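[1] predicted coordinates and the sequence they were generated for:
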Amino acid sequence: MKKILMVTAMLTFALAASAQFYLGGSVGVSTNTVRFQGEHSTLATYGIVPEMGYNISNVFAVGVAVGVKYTVPGEEDDYTTWDVSPYFRTTFANVRSMKFFVDLSPCYQKYTNNTTDISADGFGFSVNPGFRVNLTDKLEFLGRTSIFSYQKLSRKGYKTTNTQFAIPSVAQLGLQYNF
């Protein structure tokens, strides 16, 4: 047992010494116009999304983002969304101090109507291209959007599916600190 514990501790210290971890976060804004039976309304969403990850190499990274979003749908009730999104990131181009990447991200979402306390659970998948700009050796500016998202929501007696393809349906800006 002691040998297994020692090997685990040595592997943990070796991974930490390679300084491949990063912490970051972003703030985002999105708008969406919904048309239904000849009427339309615009939804405005504001969010904050902290994230952490691990750079496997200069090309590949894995991470997880946990965010909260607040949506104001015009005259209707507003709602809050909690979101947990693990992601796989691949960097496909480097131009001087700028890196271009794509995140592939499944997600779990919990929607809660702030007025009626009705909630729904959702699962989804999104494709999020973005860029990182080196500000210093450790700090990067991050920009990301979503070009495709699929969401399926369900609550007791009610199910809905939402598929979006839009440029940009979401815009996020933030910072990333590399250890």
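    Perfect, I can see it now. Given the structure is predicted, the values throughout are model-derived calculations rather than measurements.
[2] ok, now which ones touch the spatially most central residue of the chain?
    Taking C-alpha atoms, centre = their mean, the centroid of the chain lies closest to Ala65, which sits 5.1 Å from it. When contacts are counted by C-beta atoms under 8 Å, 6 or more residues apart in numbering, Ala65 touches 49-51, 83-85, 87, 105. C-beta coordinates here come from the backbone N, C-alpha and C atoms, glycine included.
[3] so Asp117, which of the three states?
    coil (DSSP: H, G, I helix; E, B strand; the rest coil).
[4] thinking again about what came up before, just give the closest residue to the residue nearest to the centre of the chain, not the sequence neighbours.
    Glu51 (3.9 Å; C-beta to C-beta, 6 or more residues apart in numbering).
[5] list the neighbouring strands of the host helix or strand of the one you found plus their orientation.
    Using DSSP states H and E, the element containing Glu51 is strand 39-55. Within its sheet, strand 39-55 is paired with strand 21-36 (antiparallel), strand 60-72 (antiparallel), according to DSSP bridges.
[6] using CSV, write out every CA atom in it.
    C-alpha atoms of strand 39-55 as CSV (Å, rounded to 0.1, in the frame of the first residue of the first chain):
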residue,chain,number,x,y,z
GLU,A,39,-44.7,37.1,-33.1
HIS,A,40,-41.1,37.4,-32.2
SER,A,41,-39.1,38.2,-29.1
THR,A,42,-35.4,38.7,-28.4
LEU,A,43,-33.6,36.8,-25.6
ALA,A,44,-30.5,38.4,-24.1
THR,A,45,-28.2,36.2,-22.1
TYR,A,46,-25.3,37.3,-19.8
GLY,A,47,-22.9,34.8,-18.3
ILE,A,48,-19.7,34.1,-16.4
VAL,A,49,-17.8,30.9,-17.1
PRO,A,50,-14.7,30.0,-15.0
GLU,A,51,-12.6,27.1,-16.4
MET,A,52,-9.6,25.0,-15.7
GLY,A,53,-7.7,22.6,-17.9
TYR,A,54,-4.6,20.7,-18.7
ASN,A,55,-2.4,21.1,-21.9
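[7] how far off centre is that strand?
    Put simply, strand 39-55 sits 7 Å off its chain's centre (C-alpha atoms, centre = their mean, to the nearest Å).
[8] okay, buried residues for that strand please.
    43, 45, 47, 49, 51, 53, 55 (16 or more other C-beta atoms under 10 Å).
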